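Q: Kindly generate the corresponding structure for this input.
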Amino acid sequence: MAIPVPLRLRRLGVTTLGVLALGITAVTLPADAHDGDHDKPAAACPPGQERAAERAGDNFDDACQPGQDIAQLDDSAAVLKPGEVDKSRNITLLANLPKSGAFTAESSFETDLAFQGDYAFQGNYDGLTVYDIRKPHKPKIVTQVLCPGSQNDISVYGDLLVLSVDSSRSNNTCDNVPQSATIKESWEGIRVFDISDPTSPQYVAAVETACGSHTHTLAPSKDNKDVFVYASSYAPNASFPDCQPPHDQISVVKVPVDAPEDAAIVRTPVLFPEGGNPAGGYSRETSGCHDLTAYPSKDAMAGACMGDGVLLDISDRANPVVTESVRDTENFAFWHSATFNNAGTKVVFTDELGGGGGPTCNPTVGDVKGADGIYDIVDGKLQFRSYFKIPRTQANTENCVAHNGSLVPVKGRDIMVQAWYQGGISVWDFTDSANPKEIAYYDRGPLSEERLILGGSWSAYWYNGHIYSSDIQQGFDVFKVNDPRVAPAQGVSIGELNVQSQTSY
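A: Prediction:
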């Protein structure tokens, strides 16, 4: 991804993947995570840079959308150099395991995390890694599985592990190469592994889903005989046989716990029968969902669906029904993910302005765009309360925007740890929905002062007393927070964690 940047962009302080839309009035072209040919207007990035961003998926090519204004970004308050760290006194980095083996390339991005017992499971654009975390200060790599297909969003449930594939592949096995989505025989969807032996995952099933599976969410059936996988995907294209517009649906896959090889789609519910957020405004047009977060014990699910935030009833697991929808067409560019509070009375939605590839943490962008939106649920309706964004200016060579996080299990409080790409990780309190406050943070300097290398924390989650972070370029981090406000969480122990499938504490 070391793509040369034209001199006129360097003079503006905007480097690779840093061409950010500011003052944008329309985004007419959906970002796309598929490998293949695309018919689209001239982009704002050079061809090589555009292609690299497109292959990265997860909206990273938003930085190359046509019709965007290129504005001077004020990063004068950014003080860190490569290799330097800024952090609060109450947080310590206990361990870092750099990328290794087959996953060392700059384009081999580390992605999401899941946990079970003494193991952490980390997705990667090229497969997955299993870590032994019995000693959090000394984690060990147990095994790596080479199985290409971005982004390999990951979840675990009992003896099952599920990966999402949202890049068009030549076949559904782990022995595959990219293949254009214009070819009918190309494949993308979900893969299912048997992890009864976590040290040796075994591939047992694959299910193709419309437009692939950018992310997925698990919810067990009420008798625990099946696990339902809600596959989120978006960005249809008339030239893709398996991803036709309009795409206003999700795919519901049922995986029998005792016979995962029989996994199959049971329904493709349309969430926006009258259409979602329309094209032509600041917010992205809705053509599917990016991420869903289930709260199975409450029969609820929250969806971040491009231009819409939604609540769903999943009391009938195979038939999710939208019960509430909300938009923020002034400050939310792309509804990316959602997190319930423990009581199920609030939802934190994230806005992935710039698609994760832009430097949006600076005074030019401001403190309400590329931020979290905190909503209370009142009589089943979503009511906006405030925004939260990290207060530290990041350099123009640092991609930074709100990304994946989880609750910190402190009873009676609403506390969250969250990844901000190269903005690092932040622990913050939203108990008072209208007045969120930061508790702790850890921020590395830029990977480079010369170009924007896509990196930083993709996911930061609390699990059994520690924070684990999946860093796109720097591997696997373990943190410890020493603060009275989070101290009660140290005594909470659970056997399994999929952040997009919330449990009560």
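Q: where does this structure have low pLDDT?
A: Across the chain, residues meeting the criterion (pLDDT under 70) sit at 1-58, 60-71.
Q: Identify the residue spatially nearest to the spatially most central residue of it, adjacent ones excluded.
A: Nearest to the geometric centre of the chain sits N404, at 5.3 Å (Cα atoms, centre = their mean). Once flanking residues are discounted, N404 sits nearest to S459: 4.0 Å by Cβ to Cβ, 6 or more residues apart in numbering. Bear in mind the C-beta positions are built from the backbone N, C-alpha and C, glycine included.
Q: List the beta-bridge partners for that neighbour.
A: N404, S470 (DSSP bridges).
Q: swap in the one 4 residues further on?
A: According to DSSP bridges, the partner residues bridging Y463 are H466.
Q: pretty sure it is touching E496, no?
A: No: proximity of Y463 to E496 does not meet the contact threshold set by Cβ atoms under 8 Å, at 9.5 Å.
Q: residues shared between the contacts of these two?
A: Common contacts of Y463 and E496 (Cβ atoms under 8 Å, 6 or more residues apart in numbering): F115.
Q: Quick check on these two: which one has the bigger neighbour count.
A: The neighbour comparison of Y463 against E496 (other Cβ atoms under 10 Å) goes to Y463, with 23 against 16.
Q: who are the neighbours in contact with the residue lying closest to R485 once chain neighbours are set aside?
A: Distance criterion Cβ to Cβ, 6+ apart; nearest residue to R485, sequence neighbours excluded, is I439 at 5.6 Å. Taking Cβ under 8 Å, 6+ apart as the criterion, I439 is in contact with S88, N90, I415, V427, W428, D429, V481, D483, R485, V486.
Q: and the fourth one, helix, strand or coil?
A: Spelled out, it's V427. Counting by DSSP: H, G, I helix; E, B strand; the rest coil, the backbone at V427 sits in strand.
Q: ok, back up a step: out of the contacts of I439, which comes closest to D223?
A: Closest approach between the contacts of I439 and D223, by Cβ to Cβ: I415, at 33.4 Å.
Q: count of neighbours near the closest residue to that closest one other than its chain neighbours?
A: Excluding the flanking residues, the one nearest I415 by Cβ to Cβ, 6+ apart is V408, at 4.2 Å. Using other Cβ under 10 Å, V408 has 25 other residues around it.
Q: And D299, by the same measure?
A: 17.
Q: Okay, it and V162: tell me how far apart.
A: Going from D299 to V162 by Cβ to Cβ, to the nearest Å gives 21 Å.
Q: Please enumerate the helices of this protein.
A: Applying DSSP state H to the chain gives helices spanning 7-11, 47-56.
Q: Show me the beta-bridge partners of F115.
A: According to DSSP bridges, the residues that bridge with F115 are A120, L497.
Q: In this model I154 seems to touch it, though I could be wrong.
A: No: the criterion here is Cβ under 8 Å, and F115 misses it with I154 at 10.3 Å.
Q: Comparing the two, which residue is more hemmed in?
A: I154 (25 against 22).
Q: Which residue comes closest to the more buried one once chain neighbours are left out?
A: Closest residue to I154 apart from its sequence neighbours, by Cβ to Cβ, 6+ apart: G123 at 3.9 Å.
Q: ok, the one you found - contacts?
A: G123 neighbours (Cβ under 8 Å, 6+ apart): E110, T111, D112, L113, Q151, N152, D153, I154, L163, S470.
Q: Return the distance of it relative to K254.
A: When distance is defined by Cβ to Cβ, G123 is 22 Å away from K254.
Q: How about V266?
A: From V266 to K254 the distance is 5 Å (Cβ to Cβ).
Q: Name the residue in these two with the higher neighbour count.
A: K254 (19 against 14).
Q: is the more buried one in a bridge, and if so with what?
A: On the basis of DSSP bridges, K254 is bridged to F228, A264.
Q: So it sits against D226, correct?
A: Yes: assessed by Cβ under 8 Å, K254 is found in contact with D226 at 5.2 Å.
Q: Count residues in the vicinity of A460, would you?
A: Neighbourhood size, A460 [other Cβ under 10 Å]: 28.
Q: so who does it touch?
A: Counted by Cβ under 8 Å, 6+ apart, A460 has contacts N404, G405, S406, V417, Q418, A419, I425, I467, Y468, S469, S470.
Q: neighbours around the nearest residue to E330 once chain neighbours are set aside, how many?
A: Counting by Cβ to Cβ, 6+ apart, E330 lies nearest to Y282, which is 6.7 Å off, once chain neighbours are set aside. Other residues near Y282 come to 19 when the count uses other Cβ under 10 Å.
Q: try the one 5 residues further on
A: Residue neighbour count, defined by other Cβ under 10 Å, stands at 26 for S287.
Q: any idea how far it lies from I250?
A: The gap separating S287 from I250 is 12 Å, by Cβ to Cβ.
Q: do the same with P320
A: In terms of Cβ to Cβ, P320 sits 7 Å off from I250.
Q: overlap in contacts of the two?
A: Y230, P269, L271.
Q: ok, and the most crowded of these?
A: Y230 (28 neighbours).
Q: residues touching it, list them.
A: Contacts of Y230 (Cβ under 8 Å, 6+ apart): H216, T217, L218, A219, I250, S251, V252, V253, L292, A294, M301, P320.
Q: do that again at 10 Å, thanks
A: For Y230, the contact set (Cβ atoms under 10 Å, 6 or more residues apart in numbering) comprises 213, 215-219, 250-253, 269, 289, 291-294, 301, 303, 312, 314, 317, 320, 500-501.
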